[in-house]
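[1] Predicted model and sequence below, questions to follow.
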Amino acid sequence: MTGIAISDFVADHAANVYGVGRDRLRTIPRGVDLEIFDPSRVGAQRIINLARQWRLPDGMPVVMLPGRLTRWKGGLDFIAAVAKLGRRDICCVLAGSEQRRGFRRELETAIRDNELAGVFRIVEECRDMPAAYMLADVVVSASSDPEGFGRIIVEAQAMGRPVVATDHGGARETIVPGVTGWLVPPREPAALAAAIGEALSITVEERQQLAKRSIAHIAARYTRQAMCAGTIRVYEELLSHDSQEISTMVLAGALATA
């Protein structure tokens, strides 16, 4: 039996929890369509339209946490981090649909209790993520539990955005700390606040250099073409054996949490 995993984290999980031999697992990361997630292809009008839809103030840095509105995605930690950051000259966006009834109300309560009503926006699921990334000065993934891959983090890097993510799961494999983004311990708002503050403080030139590194990093490792080529290689490997004796177990869909 040969398995495909979307990250080494998922492969290790399959080996340790389900007893799948590590030598029978092939890691093929999820790929980004660089024809869609390409900053040069996102026109100004798309960005303007989304900024108006979300009622974003002009001239303020935007810190965005995209993802389903569910507890483990870290929205409450994000709010706590912004409270610790102590800045009111930024706009923070939680972009995603509600997955557990009542949790949006819990987020709104946390925002109100921290006196951040003028800082935060909670918006519905976005249908133009490339434009959303272009609006963001920093993209955050604050998941309290490890994600199998972390599509948001990779897409944001493909768009040249600074990323801050919790240091576990797939994020540990897709971010190069200090080069393409920041990794922080999960469930630690103070550490998250410090990283967001650092990401917001970089100069225009530093931001441009980070964008170049991030785009190159994703183009070299996490493209849709690389994903398809890797999958084809696994099937070629299987076809080189007796097809009646080998079955393929695709772990990506079953084990991925994001």
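    All right, it came through fine.

[2] what's the helix or strand harbouring Val10 packed up against?
    In the assignment (DSSP states H and E), Val10 maps to helix 8-18. Helix 8-18 sits against strand 2-5, strand 25-27, helix 171-174, helix 251-255, with contacts defined as 3 or more CB pairs under 8 Å, 6 or more residues apart in numbering; DSSP states H and E. Every residue, glycine included, has its C-beta placed from N, CA and C.

[3] How far off centre is it?
    21 Å (CA atoms, centre = their mean, to the nearest Å).

[4] Same check on stretch 163-183?
    That offset, for stretch 163-183, works out to 9 Å (CA atoms, centre = their mean).

[5] Report how far apart the opening and closing residues of it are.
    The first and final residues of stretch 163-183 sit 9 Å from each other (CA to CA, to the nearest Å).

[6] Pull out the buried residues from that stretch.
    163-175, 180-183 (16 or more other CB atoms under 10 Å).

[7] Just list whatever residues bridge to Thr166.
    Thr166 has the following beta-bridge partners by DSSP bridges: Val184.

[8] mind checking pLDDT for it?
    Note on Thr166: pLDDT of 98.

[9] In this structure it contacts Gly74, no?
    Yes - in this structure, Thr166 is within contact of Gly74 by CB atoms under 8 Å, at 6.9 Å.

[10] Give the residues shared as contacts by the two.
    Taking CB atoms under 8 Å, 6 or more residues apart in numbering as the contact rule, Thr166 and Gly74 both touch 141-144, 186.

[11] now those: which count as buried?
    Of the shared contacts of Thr166 and Gly74, these count as buried by 16+ other CB under 10 Å: 141-143, 186.

[12] Confidence-wise, which of the helices and strands packed on helix 8-18 is weakest overall?
    For these, where the average pLDDT is lowest is helix 251-255, sitting at a mean of 44.

[13] Leu200 and Phe103, how far apart?
    27 Å (CB to CB, to the nearest Å).

[14] Show me which of the shared contacts of Thr166 and Gly74 is closest to Leu135.
    Taking CB to CB as the measure, Leu135 lies nearest Ser141 of those, at 16.6 Å.

[15] which ones are touching the closest one?
    Neighbours of Ser141 in contact, by CB under 8 Å, 6+ apart: 65, 67, 74, 147, 150, 152-153, 163-166, 171.

[16] Apply 7 Å and report the result again.
    150, 152-153, 165-166, 171 (CB atoms under 7 Å, 6 or more residues apart in numbering).

[17] Quick check: the farthest pair among these?
    Ile152 and Thr166 (12.0 Å).

[18] By mean pLDDT, flag the weakest helix or strand of the chain.
    The least trusted helix or strand in the chain, going by mean pLDDT, DSSP states H and E, turns out to be helix 251-255, with a mean of 44.

[19] show me the biggest helix of this protein in terms of residues.
    In the chain, taking DSSP state H as the definition, the longest helix is helix 204-221.

[20] after that one comes which helix or strand?
    Following helix 204-221 in sequence, per DSSP H and E, is helix 224-239.

[21] Could you give me the buried positions within that following helix?
    226-227, 231, 234.

[22] Please apply the same query to stretch 59-67.
    62-67.

[23] same check, this time on stretch 21-33
    25-32.

[24] What of stretch 99-118?
    103-104, 107, 110-111.

[25] between those, which is nearest Thr2?
    Phe103 (38.9 Å).

[26] and Phe9, how many neighbours does it have?
    The tally of other residues near Phe9 (other CB atoms under 10 Å) stands at 23.
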